[in-house]
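S.K.: here is my input; please provide its structure:
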Amino acid sequence: MMNQNSRRSFLQTTGMALAASTMTSSITGAVASGFSPLSAVSSEAVPHALKGRLYKTLKIGMVKVPGTLTEKFRAVKAAGFDGIEMDAPGMDVEETKKAIAESGLPVDGTVNSTHWQIRHTDADAAVRAKALDSLKGALKATHDVGGHTTLLVIGHGKDGSEDDNWKRSVDSIAKAIPLAAELGVHIAIENVWNHFLYDHEGDATQTADKFVKYVDELNSPWVGMQFDIGNHWKYGSMGGWIRQLGRRVVKLDVKGFSRAEDKFTPIGEGDIDWADVRSALHEINFYGWVAAEVGGGDAAYLKDVASQMDRVFGLA
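M.R.: As a prediction, the model looks like this:
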């Protein structure tokens, strides 16, 4: 994934084009060769459609709708989403609970808002203690508004060697697991461009081996992956990574990526093999939430994003 600044730039500039998944074996072959044709298709025409298995959500930062939080929630629901992810720390719990009640839109989870700046891999033990406090606070706030996941970026490779970053972050995150279990909120690790658990200068043949080992070392049903479909298409097969991660996937993020152009794209654009992604999600028997993580916009734009998700996953 991108660092904080480039991520912000991407979210601000991502376009609004609609996209769709593959329909026939010939198109599937084209996707495997690096092409992703666009077409408006119903779920019946999409092999391995996931209708009834996936629930659409999005990040609160994408909602560029004026008005109160309740009005934003209503706009998100009207656009076709089933839930919304908030930021914690930073979320006003009482205001959020009021927006949920008045709009009928649930908060399915949160994003730990300080995880890029205050990291579990930091060499300074005092900083790691602050990262732990932030994570615990996010878990509590998530529970208070009825959510069930807190997305976490575990750190950054620049903080030290892989071995050092591994030990520091595992030791720190493990201290939050008892609270996660008590509250019933998953710590959902996102695969991001943070130079850790993959080779940032490597090619597209990489696997999810290190992510599997990392999650397994934490050894808890309350720690899993919020697997981002798009973040690591540059480095490996997203269907293959999903199959490797298996039961460890507790939630999904989604965006597009083009290997040909080496850039992130709207959902469905680029050259991700969506047919293989759908097949992989069926194979691991995934049911749950998928969160859009693309550029923000108004109500019409959000409706387009929901439609993009319908098409690539076969939800319409």
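S.K.: need the three-state assignment for the closest residue to residue 59 other than its chain neighbours.
M.R.: Among residues not flanking residue 59 along the chain, residue 85 sits closest, at 5.2 Å (CB to CB, 6 or more residues apart in numbering). For the C-beta atoms, the positions are set from N, CA and C on the backbone; glycine is no exception. Local secondary structure at residue 85 is given as strand here, using DSSP: H, G, I helix; E, B strand; the rest coil.
S.K.: contacts only, for residue 85.
M.R.: 57, 58, 59, 60, 107, 108, 109, 110, 111, 147, 151, 291 (CB atoms under 8 Å, 6 or more residues apart in numbering).
S.K.: tell me which of those fall in strands.
M.R.: Mapping the contacts of residue 85 onto strands (DSSP state E) picks out 57, 58, 107, 108, 109, 110, 111, 151, 291.
S.K.: quick one: which of these is the most crowded by neighbours?
M.R.: Within the ones in strands among the contacts of residue 85, most neighbours by other CB atoms under 10 Å means residue 110, with 31 neighbours.
S.K.: returning to that earlier point: pick the one among the contacts of residue 85 closest to residue 72.
M.R.: Using CB to CB, the shortest approach to residue 72 within these belongs to residue 60, at 7.7 Å.
S.K.: number of residues surrounding the closest one?
M.R.: Residue 60 is flanked by 20 other residues according to other CB under 10 Å.
S.K.: please name the nearest non-neighbouring residue to it.
M.R.: Using CB to CB, 6+ apart and skipping residues adjacent in sequence, the residue nearest residue 60 is residue 86, 5.1 Å away.
S.K.: ok, residue 119 next?
M.R.: Nearest non-adjacent residue to residue 119 (CB to CB, 6+ apart): residue 155, at 4.3 Å.
S.K.: pull the contacting residues for the residue most central in space within the chain.
M.R.: Centroid-nearest residue in the chain, with CA atoms, centre = their mean: residue 253, separated by 2.4 Å. Residue 253 makes contact with 151, 190, 226, 227, 228, 229, 230, 231, 290, 291, 292, 293, according to CB under 8 Å, 6+ apart.
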